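My questions are about this predicted structure, shown below with the sequence.
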Amino acid sequence: MRVKRVKTTEEALNTLAEFGDAALPVAGGTDVMIQLSRNEISPDLLVPIHEIAELSTIETNGGPCIGSLVTHETLAKGALGSSYRSVAEAALTVGGWQTQTVGTLGGNICNASPAADTLPPLLVHDAEVQLRSNTGRRSLSLDDFFLGRRETVRQHDELLISVSLAPAAHRAGDVYLKVGRRGAMEVAVVGYAMRLVFDEDGTVSEARVALASVAPVPVRARGAESLLEGRQLDESTLTGVSEAVLDAIAPIDDLRASASYRKLLIPGLTHRAAAICAQRAGVSTELTGGRA
Amino acid sequence: MSSEILFTVNGRAVTTAVDGAATLLEVVRDHLDLIGTKEGCNEGECGACTVLIDGKPVDSCIYPAILVDRHSVVTVEGLSSTTTGRAIQEAFLDAGGIQCGFCTPGFIVTITALLEHDPAPSQDDARLALAGNICRCTGYSQILDAVAGAIKGRE
């Protein structure tokens, strides 16, 4: 397999334009190399982009704008700050330390695994992705980026440049909960992210709920979000929210868990996520079990 | 088609020609005869192949060799002469941290990165750092004892 080394975004874009679907960008290689060895992909040309410095930065302009080459290790250390804890929590569960040192946020997005840990937290922070080719740029909601398992709207001549998140809100809390068979080195059985913003009296003013490993693509549970907004967190609200989450997902049986087990997890995760969001927002509720 | 890569291994400059799909593990073991680094799962799950790239632990079995061009790689062989490496080796012997030994090089490399990064990690930090290293003999308690011993040994 051939290799085309590039130093800048422009060189990468020119190479992608020239070689089309025969070229594959590679950053940390943690997904690409496994897929190559399993013959799941067969590009003619690898384009190492790992040294493009401008894609490795995090800028703050209202919300954070995260370069596509920022690693899970950087995010896991809390580089985005305390308003984006769900992102750090998810990054800390992407494989082990050895994966997090080289695996990138852009790679996790473009690989579009149904189980990708960083995607639910990005969705609850209203992530937008910026794509560039040598003929133009476009920006779209991360929710519109995924077409199916390992399928995205990214064209072969486009590079994912950055991901921008909504600005941090006052009196808000977020969380990522992951269920696996063991505590580390797991592909999620269910990944569950929530972000809640509260009014002064503890009413939820804005809610986001997103999940991984419950459908071919990461899922926003919009019905659940509507049920949370305008309500106080109590048991009866969360029972309805859990039902709405179950309506939004379509889990399957696979080697990690059955569909029915995944559904069984939802009420407990909903309850726990809401309690943790409230606790992190500094809002007291009658819920229990929110310590994280 | 091969690409030439130039990098340092354990401080020594090397040049070799690799296919784009070659892993760093293949280069380290087959091109450079540094067979201390082990092939376990070959898919980034077990950590037996851990090496340091620019001081950070990486699973060499899923790392493209072409990416180490002009970077520094340290394998377990390169740690035998360092203060940290020797302290960890002694601590493994004292704690009985080795059973079949296959995972040991990977553990020693990851623990080196941990201690270079934080000289006195808590046991929780050590567990987290070692989550990507699997010991199929399940001798984890002795390995964590060895981490504690290595921390003392370096003081």
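It's in.

Buried residues, stretch A:36-54. List them.
Using 16 or more other C-beta atoms under 10 Å in any protein chain shown as the test for burial, stretch A:36-54 gives A:36, A:43, A:45, A:46, A:47, A:48, A:49, A:50, A:51, A:52. Using the backbone N, CA and C atoms, a C-beta is placed for each residue, glycine as well.

surely residue B:90 meets residue B:153?
Yes. Between residue B:90 and residue B:153 there is a contact under C-beta atoms under 8 Å: 5.9 Å.

out of those two, which sits in the more crowded spot?
residue B:153 (18 against 14; other C-beta atoms under 10 Å in any protein chain shown).

Quick check: residues of the stretch 1-150 of chain A near chain B?
Residues of the stretch 1-150 of chain A lying close to chain B (C-beta under 8 Å from any C-beta of the partner chain) are A:1-3, A:5, A:26, A:28-30, A:32-34, A:36-37, A:45-46, A:48, A:50, A:73, A:92, A:95-99, A:101-102.

need the contact list for whatever residue of the stretch 1-150 of chain A ends up closest to chain B.
Residue nearest to chain B within the stretch 1-150 of chain A (C-beta to the nearest C-beta): residue A:96, separated by 1.8 Å. Contacts for residue A:96 (C-beta atoms under 8 Å, 6 or more residues apart in numbering or on different chains) come out as A:184, A:185, B:47, B:131, B:132, B:133.

could you give the mean pLDDT of stretch A:251-265?
Stretch A:251-265 comes out with an average pLDDT of 94.

That one spans what distance, first to last residue?
Terminal residues of stretch A:251-265 lie 12 Å apart, using C-alpha to C-alpha, to the nearest Å.

Can you point out the buried residues in it?
A:251, A:256, A:257, A:262, A:263, A:265.

ok, and the closest non-adjacent residue to the second one?
In space, not counting the residues next to it along the chain, residue A:256 is nearest to residue A:189; the distance is 5.3 Å by C-beta to C-beta, 6 or more residues apart in numbering or on different chains.

which residues touch that neighbour?
Counting by C-beta under 8 Å, 6+ apart, residue A:189 touches A:179, A:180, A:181, A:213, A:256, A:257, A:261, A:262, A:265.

At which residues are the helices of chain A located?
For chain A, helices defined by DSSP state H occupy the ranges A:9-19, A:32-37, A:72-76, A:85-91, A:97-100, A:105-111, A:119-124, A:222-228, A:235-248, A:259-281.

Next, format these as TSV and append distance to residue B:24.
Listed next are the helices of chain A as TSV, based on distance: least, C-beta to C-beta, whole Å:
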stretch	distance to residue B:24
helix A:9-19	22
helix A:32-37	10
helix A:72-76	18
helix A:85-91	23
helix A:97-100	12
helix A:105-111	17
helix A:119-124	28
helix A:222-228	44
helix A:235-248	42
helix A:259-281	36
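
burial of the residue in the stretch 101-250 of chain A that chain B sits nearest to, as a residue count?
Residue nearest to chain B within the stretch 101-250 of chain A: residue A:184 (3.5 Å; C-beta to the nearest C-beta). Using other C-beta under 10 Å, residue A:184 is surrounded by 17 other residues.

who's in contact with it?
A:93, A:96, B:128, B:131, B:132.

who are the neighbours in contact with the most centrally placed residue in chain A?
Closest to where the C-alpha atoms of chain A average out (C-alpha atoms, centre = their mean) is residue A:119, at 1.4 Å. For residue A:119, the contacting residues are A:108, A:109, A:142, A:191, A:210, A:212, A:218, by C-beta under 8 Å, 6+ apart.

Filter those down to the buried ones, ChimeraX style.
In ChimeraX, this line selects whichever of the contacts of residue A:119 come out buried by 16+ other C-beta under 10 Å:
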select /A:108,109,142,191,210,212,218
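
Next one: residue A:288, what pLDDT does it get?
Confidence score, pLDDT, at residue A:288: 68.

what do you get for residue B:81?
89.

if I look at the residue of the stretch 1-150 of chain A closest to chain B, how far off is residue B:28?
Noted for residue A:96: a distance of 19 Å to residue B:28, by C-beta to C-beta, to the nearest Å.

residues from chain B in reach of chain A?
Counting by C-beta under 8 Å from any C-beta, chain B sits next to chain A at B:1, B:3, B:19-21, B:23, B:42-45, B:47, B:50, B:53, B:56-59, B:62-64, B:66-67, B:69, B:110, B:113, B:128-134.

Can you show me the helices along chain B?
B:24-26, B:83-95, B:104-117, B:123-129, B:140-154.

The residue nearest to residue B:119 when sequence neighbours are not counted: neighbouring residues, count only.
What sits nearest to residue B:119 in space, not counting adjacent residues and going by C-beta to C-beta, 6+ apart, is residue B:154, at 6.7 Å. By the criterion of other C-beta under 10 Å, residue B:154 has 15 neighbours.

Go through stretch A:9-21 and flag the buried ones.
For stretch A:9-21, using 16+ other C-beta under 10 Å, the buried residues are A:9, A:11, A:12, A:13, A:14, A:15, A:16, A:19.

Contact partners for the first one?
With contacts defined as C-beta under 8 Å, 6+ apart, the neighbours of residue A:9 are A:52, A:54, A:55, A:132, A:159, A:161.

ok, what's across the strand from the fourth one?
It refers to residue A:132. Beta-bridge partners for residue A:132, by DSSP bridges, are residue A:137, residue A:159.

what residue is smack in the middle of chain B?
Nearest to chain B centroid, counting by C-alpha atoms, centre = their mean: residue B:109, 3.0 Å.

Return the distance of that one relative to residue B:140.
Distance from residue B:109 to residue B:140, by C-beta to C-beta: 17 Å.
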